[in-house]
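Asks: Following is a predicted model, sequence given first.
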Amino acid sequence: MKSIVMASLLVLTTSAATYAGDDVCFGRVTGIGDRYNPAKGSGFLALRAGPTPSATQLGELFQGDRVVVLKRRGGWLNIIADNQERGWVSSKYIRSSCK
């Protein structure tokens, strides 16, 4: 199990370096409820194609998911998720080491 986690971190770090150089920081999804209900938009954090609530939803992130933060635009973060999906999420739900 430990080797799987370490391999995932290595892939995430390598991918992040490819996109953002030295300006990379890491974060986790937080503040998401545990009741998944896509009809109501609850229990997940929407990964979007752009930094607006109306941008196309590309995927879903869940409580505790790790992300690499590439950049910030207003209240939005451009991220790479553990599964290598890249998109935008509301910064309200990401706890990170970003300055």
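Replies: Cool, got the structure.

Asks: going forward, measure contacts and count neighbours with C-alpha atoms only.
Replies: Will do.

Asks: ok so residue 92 is a helix residue?
Replies: Yes - when classified by DSSP: H, G, I helix; E, B strand; the rest coil, residue 92 is found to be part of a helix.

Asks: What is the neighbour count of it?
Replies: Residue 92 has 12 neighbouring residues, counting by other CA atoms under 10 Å.

Asks: Spatially nearest residue to it (excluding sequence neighbours)?
Replies: Nearest residue to residue 92, sequence neighbours excluded (CA to CA, 6 or more residues apart in numbering): residue 75, at 7.2 Å.

Asks: go on, residue 59?
Replies: Residue 59 sits nearest to residue 47 (CA to CA, 6+ apart), 5.0 Å away.

Asks: what about that neighbour, how many residues close to it?
Replies: 26.

Asks: what about residue 79, which helix or strand?
Replies: strand 76-81 (DSSP states H and E).

Asks: which regions of the protein sit below the pLDDT cut-off?
Replies: Within the chain, the stretches with pLDDT under 70 are 1-23.

Asks: mind redoing it with 50?
Replies: Along the chain, the parts satisfying pLDDT under 50 run over 1-21.

Asks: related to what we said a few turns ago, and the residue nearest to residue 92, what does it touch?
Replies: 90-92 (CA atoms under 8 Å, 6 or more residues apart in numbering).

Asks: For residue 34, state which of these is nearest.
Replies: residue 92 (16.8 Å; CA to CA).

Asks: With residue 29 as the reference, measure out to that closest one.
Replies: Here residue 92 is placed at a distance of 9 Å from residue 29 (CA to CA, to the nearest Å).
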